[in-house]
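Novice: The sequence isn't on hand, but the structure is:
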């Protein structure tokens, strides 16, 4: 690889890394919001079941079942956030490798 090509790839990777940081911020916000909504609805459902005289031992499982769509959305947001972190880590590794190649080429 020529130094110019490595430099261009390094620049492109660093730009992707910057964009991934912005994307992670959005994914983190989505994760927090879905968690907030899930917990609020779960609490409301548990209160409703208690008012309906459902046995206390059954309330947690029944409430989670009744708000399972929100639980799914919460878990999906968590998975997307973790995938975003892994993608950013992959870009960091690429940047590091390109920096190593660039250093070796400039030393030659």
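Specialist: Happy to help now that I have it. Predicted model only: the values in this text are computed from it and were never measured.

Novice: rest of the way, CA atoms for contacts and neighbours
Specialist: Will do.

Novice: Okay, residue 11 and residue 37: tell me how far apart.
Specialist: 40 Å (Cα to Cα, to the nearest Å).

Novice: and residue 84, how many neighbours does it have?
Specialist: 19 (other Cα atoms under 10 Å).

Novice: Show the backbone phi and psi for it.
Specialist: phi -60, psi -40 (degrees, to the nearest 10).

Novice: any idea how far the residue most central in space within the chain lies from residue 32?
Specialist: In the chain, the residue lying closest to the centroid (Cα atoms, centre = their mean) is residue 81, at 0.4 Å. As judged by Cα to Cα, residue 81 and residue 32 stand 10 Å apart.

Novice: do the same with residue 92
Specialist: 25 Å.

Novice: swap in residue 10?
Specialist: 33 Å.

Novice: higher neighbour count, those two?
Specialist: Neighbours were counted for residue 10 and for residue 32 using other Cα under 10 Å; residue 10 has more, 19 against 15.

Novice: what about that one, is that helix, strand or coil?
Specialist: helix (DSSP: H, G, I helix; E, B strand; the rest coil).

Novice: Just to check, it is in contact with residue 101?
Specialist: No. Judged on Cα atoms under 8 Å, residue 10 makes no contact with residue 101 at a distance of 10.1 Å.

Novice: outside of stretch 90-108, which residues touch it?
Specialist: Residues outside stretch 90-108 that contact it (Cα atoms under 8 Å, 6 or more residues apart in numbering) are 3, 6, 7, 9, 10, 13, 14, 16, 17.

Novice: ok, the last one - contacts?
Specialist: This points to residue 17. The contact partners of residue 17, taken as Cα under 8 Å, 6+ apart, are 88, 91, 92.
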